[in-house]
Every structure is written in structure tokens, then in C-alpha cells.
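Undergrad: A predicted structure for the sequence below; I have some questions about it.
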Amino acid sequence: MPLIINKKISPLWKFRSFIFGSIKREFQTKYRNSILGIAWPILNPLVMILIYTLVFSQVMKARLPGVDSMFAYSIYLCIGIITWNLFTEITLRGQTVFLDNANLIKKLNFPKLCLPLIVIGSALLNFAIIFLIFTLFLVFTNQFPGWVYFAVIPLLLLQIAFAICLGISLGVLNVFFRDVGQFYSVFLQFWFWLTPIVYAGDILPLSIQPYLALNPMSGLVDAYHSIFVNQQWPNWYRLIYVLVLTLILSFLGYRLFQKHGGEMVDEL
Amino acid sequence: MGNITVSNLGKAYKRYPSRVSRVLEWIMPFSHKRHTDNWVLKDINFSIPAGEAVGIIGTNGAGKSTLLKMISGTTKPTLGSVEILGRIAALLELGMGFHPDFTGRQNAFMAGQLLGYTTEDITRLMPAIEEFAEIGEYMDQPTRFYSSGMQMRLAFSIATAERPDILIVDEALSVGDAYFQHKCFDRIRAFRELGTTLLIVSHDKIAIQSICDRAILLNEGSLALEGKPEVVMDYYNALIADHENQTVRQETLQSGQVRTISGSGECQVASISLNVEDKSTDVIQVGQAACLKVKIHCYQDVDSLVFGYLFKDRVGQSVFGTNTHHLEQPLINIKSGEEIEISLHFTVNMGPGTYSVAVALHADASHIGQNYEWRDHALVFSVINNSHQYFLGVNWLPPHIEIDR
């Protein structure tokens, strides 16, 4: 096993310049032709946080059940949305990553697994900016959860692993069956509302709540909520399910890629 | 470093009768094969030692690009294997996947990174890349403003910024202008002297003959012939005029040269000789008057007959050629059994060296149409220079020089 990993990883290391260079280029092109440039990726999330806070905690006076803070619902909403966005960015781009880069794949010989890494990298970069602003918001409003904050790191790692395994699997399938991409975009809309991001999970009828646990994203989002809203360590045991699902997906994605990765070039 | 070994290589593209059948083939665990294989290459075997230059020729769709793609590793073979020793630089089709919105410089970085260079490597190589490409301020313009020639200039400069062990070029050079093509070939030659293996696809006969040690002819997905570029080129030439009831055969002459004869055979060359003052010879002085006598025998009635001939130099480059169609001396309504003798008077304004004569009998302006007979190396003769001052080249262009001082 270490040998296999070494065989897969070392070519990727050789192409590290390509991976980092591509992430940088992508970021630059996104804001290059704008006057405010780097201000946009900061303004966007800032406005989102301010609007949610203003609308929900000031205007609508929305309160989360059991939490007595005027910022609670705004934090609940923001952390749910920004982590959900990280998830959708990785999966949606993973799903089209081979199609989008057909031009390169057909003409040059390089490890194709560089491409999903670039997807992760640029999604993480966007996320980092938003998350930093969110953290500053927590500090300024005196809502910073303390040491619990660092529980975010393993959570993010698990979430990214889950997202990219799903993304690569969808990406390979999408080359051969374009319906997969269309289906997933529709499915994501349902998935968003089946995850307790906007609403709290416990407002659902008791008969439905067990089914919510089948949704891996609900486990992850709940964990973020417990860190930032309740300022408590997340329930790690609930995440074992997500971990197992990630392992299954990684096996599936690896098999798909192994078996059909070569054929992909002919199909593009 | 630089060896290529291709064994039993084959490539088939899968064809599914419908989209659903692919799903079924993937999902059903023990289902039968639902696709048909469309073989574009089959049973290709050859090996190229380090430092050799090999040209690959063949008609469109013969499988040349697919072969190069498998050697460079972009496409996986269906059967067989390719073994490579050393670093490959490949210029496949147009460009190297340039992103139209990035500038030439950004694309150069990206392409370089895709070849496995680090950013520092490329920064170091960049001045040389820019200098070689000679595209000036376009370097900092998005590549969507580039002409195909400029894209090729940049792509070639990047791919050859450092000497690779193996260089693969797929027709890319043909979009460059004459100046840049020369520059490319100079660089390729320099690399070769340092031991780079070259694999090139080109329809340019001169390029293949002047650079390659060997040529490989692909025809309908299989290796049709492998050998000296000149021989393979002659065979290819005959092959592109291939019609029904036409044969192509090659025979080795006593001199070691290979004669290619092809054609449908309605009219054939019975004899050919080169005469000076009515005596057959194969050595001629520069500037002498000579006569090429060709006897043609017709085995069937033909409506029209064009006689063509071509002098070629030692390496197979064309020196001079024309035919009776262009000379407006058509031969029409020829009866079976007729004998025709053609006497072709000309002055040997040629440089010293050996030349071969190819003759062709066909119905229209060129042998691509109805080809009765095409005969390479029908005759070989030498030109010597005993009577004039020393000069170089295949042409004798005696000057009249005035010097003012």
C-alpha cells in the first residue's frame, strides 16, 4: 500500500508548481478585470454576514430555540452557508473538472489527479477568506468560542475529503454520462433544504428526525453549529458515519478513476 | 536515454450502439460486451534507438496522431505497450492547451508547469523562450489574439526550452512561416547532434528526407513499410495514387537503391536511355546537350497519355520535372500494341553529382488520377565537371561578373 501511494503521490509532487500556479492564476483571473480587485472576495461575505445579522437578529428578532443570544441565529445561518458553499464548490467543480480541462488532458501527458487538487485548492482559498472574515466578526461581537474553535480543522478535513471523493466520482461519470451533472445540480437544491442550515433540526417532527441523520451533510453542519452556536465540542461519534461514507466513496472514486480514467481521454 | 520501443501496439475506440448500453455494460456485473471495437491501429512494432530521427508518414486517418499520442502518453493503448527511456517533449496538434484568456507569458508558465518544470525553472528559461519565439509584445497579450503561427512559435519554444531526450512533433511545424520553420529545424538538428531522439509527423517530403534517418509508413492503421526515408516516400507517393487493379512493387537495384514501380499497366516503359551524340551513356559533362530516349509500349487502347519525368538528386530532392500535359504535347487515341518513342532533348545545366530519373505514364495532368505506370529510379546518371570552373549545388547558373573598383 505505501508503494501504491508513493507511485500516485510522487508524480503529483513533481507537478506541484502546476497545481499552485493554477490556483493562483484562477484567483487572479477572477478579479483581474475589476477595479476593486482583491476587495471583492472580502466584500461579498462581509455583506452576507451583515445582512443576515441585521435582518434576522435586529429586524425579525429571530431567536434559536434554547439559545439566548441576539447573534445566535445569524451565526447559525452564516457558518452553515459558508461550509455548505465550500462543499458545493468542490463537488460542482469536481463534477466538471475533466470536461473543463479536456483541452489539456487531450494534448499533454500529466497526472490527471492534479486537477481535483486544484479544485480543492481554489475552493479552500475562497473559503479561507470568508472564514477569516467570519472569525473576525465573531471576535468583534464577542462570540468567539475559544479552544473549541480548533475542532473546525478535523471537521474541514473530513468535509473536504467527503466532497472531493464525491466530486471525482461524479466527474468521471459525467464524462461518459452527461445526465449525471444535470441530475446532481437538481439534487443539490433538495440536499440544501434537507440539511439543517436555514432551520434548526429539532423543529422537524420527531418522526422525520432519524432520517435526517442519514444525510452526511447534516452531521457535519450540526457539528459546526455546536462549535459556533453552542460553543461546545461536536459529537464526534455522529461523524463516524460520514467517515465511513467517505471511505466507501473514496474506494468507489478510485475504482472509477482507475478503470475509466484512460478511456476518458478518448471520450473528451 | 531516448529509446522508444513499441510492441504489438493497438488502439481501438469503443463504439456503443446507444448511451444506455454503456450504462448497462458498466452496471451489470457479468454482462456481455455491448460495444464494438473500432480499431484505428493494430500490431505496430518498431524500436527507435537513442538519437535516431524517424519520420512517420501516411494519409489522413492512417493513425499517425493516435500513435504519437500513445507514445507521448496522452492516450492509453488498448493492446501492447510503449516503453520510453527519458524525458519526452511532445508538440501534438496545434498549441499545448493554451488558455485563450491568459497572456502568452502566463500560458508559458502553465505549459511549462504541465511539462513538470517548477516555477523557478520557468522563470530561468523565460528569457530564452521569449527570444526564440520572437513574438515581441504579444508575449503579454492574451493568446486569443494570437495567430496559429504565433501559438506554434510559443509552443515550440516552450517544449524545446531544454533539450528533451525524445522530441515528438505532430505536423505542428507546418503552420509556422518559412523563417520559423528553418529556426525550428536548426534547433532540432542541434538537439539531434546531442543525442535527442526525434519522432516527426509531416506531409513535407523535404523535411522528412532532410532530417530523418528512417521513415515509417502507416496505412489504414498498420505499419505498411519501414526504411530509408526516400524509399518510403516513393512508396507512399505510389500508394496515394492507389486505385483498383493497381500494383505497387519495389525492387532493389544492383546499386543498392530501391526502385518503386506502380500503376495499372495499360502503358509501360519498355526501355529508357540517356544519350549524348547518339551514344548511350551514364556520365555527362556539365552543360552538355543530352537526349533522354524513352520507348513506351501500349497494351490497351487508351484515350490519352501523358508522359512525365523528374530528375532527383542523391537525397531524393526534386531537381526538375514536367510532363507532356504541361508542355502542351498531348498524346491521344492510342491503340493497343502501339509503340511510342519519346526523345527529350535538354541541356545538362546541373551541378556535379548523381541524379536519378523517375518517369510516369498517366492519363491526366498528374499521376494522382489514372496512373498507368510510375517508375522511380528508372535511370541513374552522373554529372561531372571537367570543363568549367568549380561550383557548388545542383544547378549550373554560369554567371557573368563585372567588378568595379
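TA: Looks like it arrived, so ask away.

Undergrad: CA atoms for contacts and neighbours, from now on please.
TA: Fine.

Undergrad: So what sits opposite B:Ile48 in the bridge?
TA: For B:Ile48, the beta-bridge partners are B:Ile4 (DSSP bridges).

Undergrad: Check it and give its pLDDT.
TA: Turning to B:Ile48, the model gives it a pLDDT of 88.

Undergrad: where does the stretch 151-300 of chain B have low pLDDT?
TA: B:172, B:206, B:240-247, B:249, B:251, B:253-256 (pLDDT under 70).

Undergrad: show me where it has strands.
TA: B:166-170, B:197-201, B:214-219, B:222-227, B:247-252, B:258-263, B:267-276, B:279-280, B:283-285, B:289-298 (DSSP state E, counting those that start in this stretch).

Undergrad: Relative to A:Phe257, how far out is the one residue sitting closest to the centre of chain A?
TA: Among the residues of chain A, the one closest to the centroid is A:Phe87, at 2.1 Å (Cα atoms, centre = their mean). Distance from A:Phe87 to A:Phe257, counting by Cα to Cα, to the nearest Å: 21 Å.

Undergrad: what about the residue nearest to the centre of chain A, is that helix, strand or coil?
TA: Of the three states, A:Phe87 takes helix under DSSP: H, G, I helix; E, B strand; the rest coil.

Undergrad: which residues touch it?
TA: By Cα atoms under 8 Å, 6 or more residues apart in numbering or on different chains, the contact set of A:Phe87 is A:159-160, A:163.

Undergrad: Got a quick ChimeraX command for the buried subset of those?
TA: In ChimeraX syntax, the buried subset of the contacts of A:Phe87 is picked out as below (16 or more other Cα atoms under 10 Å in any protein chain shown):
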select /A:159,160,163
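
Undergrad: residues from the stretch 101-250 of chain A in reach of chain B?
TA: The stretch 101-250 of chain A comes close to chain B at residues A:103-110, A:177, as judged by Cα under 8 Å from any Cα of the partner chain.

Undergrad: Could you rerun that using 10 Å?
TA: A:101-111, A:114, A:176-177 (Cα under 10 Å from any Cα of the partner chain).

Undergrad: Would you mind measuring from the most centrally placed residue in chain B to A:Leu92?
TA: Compute the mean C-alpha point of chain B, and by Cα atoms, centre = their mean the closest residue is B:Lys205, 3.7 Å away. With distances taken as Cα to Cα, B:Lys205 is found 49 Å from A:Leu92.

Undergrad: all helices of the stretch 101-250 of chain A, in order?
TA: Secondary structure of the stretch 101-250 of chain A by DSSP state H, counting those that start in this stretch: the helices cover A:102-107, A:114-140, A:152-176, A:179-193, A:209-212, A:216-228, A:240-267.

Undergrad: The fourth one vs helix A:216-228, what angle?
TA: Right, helix A:179-193. Interaxial angle of helix A:179-193 relative to helix A:216-228 (axes from the mean of the first three to the mean of the last three Cα atoms, to 10 degrees): 40 degrees.

Undergrad: Can you tell me what sits against helix A:179-193?
TA: For helix A:179-193, contacts defined as Cα atoms under 10 Å, 6 or more residues apart in numbering or on different chains pick out A:81, A:84-85, A:88, A:91-92, A:95-96, A:170-175, A:194, A:198-199, A:215, A:217-218.

Undergrad: Show me which of the residues you listed are buried.
TA: Using 16+ other Cα under 10 Å as the burial test, the contacts of helix A:179-193 include A:81, A:84-85, A:88, A:91-92, A:95-96, A:170-175, A:194, A:198, A:217-218 as buried.

Undergrad: my guess is B:Gly63 contacts B:Asp170, does it?
TA: No. Applying Cα atoms under 10 Å as the test, B:Gly63 and B:Asp170 come out as separate, 11.8 Å apart.

Undergrad: of these two, who's got more company?
TA: B:Gly63 (24 against 20; other Cα atoms under 10 Å in any protein chain shown).

Undergrad: gap between the nearest residue to that one once chain neighbours are set aside and B:Gly61?
TA: In this structure, B:Gly63 finds its nearest non-sequential neighbour in B:Gly221, 5.3 Å apart by Cα to Cα, 6 or more residues apart in numbering or on different chains. Distance of B:Gly221 to B:Gly61, given as Cα to Cα: 8 Å.

Undergrad: Please enumerate the shared neighbours of the two.
TA: Common neighbours of B:Gly221 and B:Gly61 (Cα under 10 Å, 6+ apart) are B:Val40.

Undergrad: more neighbours, these two?
TA: Between B:Gly221 and B:Gly61, B:Gly221 has the larger neighbour count (other Cα under 10 Å), namely 22 against 13.

Undergrad: which ones are touching that one?
TA: B:10-11, B:39-44, B:58, B:61-64, B:66-67.

Undergrad: how near is it to chain A?
TA: Here B:Gly221 is placed at a distance of 17 Å from chain A (Cα to the nearest Cα, to the nearest Å).

Undergrad: Up against chain A, what does the stretch 51-200 of chain B have?
TA: Contact residues (Cα under 10 Å from any Cα) of the stretch 51-200 of chain B with chain A: B:69-70, B:72-78, B:88-99, B:101-102, B:106, B:109-121.

Undergrad: Turn the buried ones among the residues you listed into a named ChimeraX selection, would you?
TA: Remark: buried members of those, expressed as a ChimeraX selection using 16+ other Cα under 10 Å:
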select /B:69,70,72,73,74,75,76,77,78,88,89,90,91,92,93,94,95,96,97,98,99,102,106,109,110,111,112,113,114,115,116,117,118,119
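
Undergrad: Sitting in helices, which of the residues of the stretch 51-200 of chain B next to chain A do you find?
TA: Secondary structure from DSSP state H places B:69-70, B:72, B:106, B:109-114, B:119-121 of these in helices.

Undergrad: will you turn those residues into a markdown table that also has pLDDT?
TA: Shown next, in a markdown table, are those (pLDDT from 0 to 100):
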| residue | pLDDT |
| --- | --- |
| B:Lys69 | 86 |
| B:Met70 | 88 |
| B:Ser72 | 84 |
| B:Gln106 | 88 |
| B:Phe109 | 88 |
| B:Met110 | 86 |
| B:Ala111 | 86 |
| B:Gly112 | 86 |
| B:Gln113 | 86 |
| B:Leu114 | 84 |
| B:Thr119 | 86 |
| B:Glu120 | 88 |
| B:Asp121 | 87 |
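
Undergrad: Can you list the low-confidence ranges for the stretch 51-200 of chain A?
TA: Low-confidence segments of the stretch 51-200 of chain A (pLDDT under 70): A:61-62, A:65-68.

Undergrad: What's the separation between the residue nearest to B:Gly63 and A:Ser10?
TA: Following Cα to Cα, the distance that separates B:Gly221 from A:Ser10 is 35 Å.

Undergrad: Kind regards, and thank you for your time.
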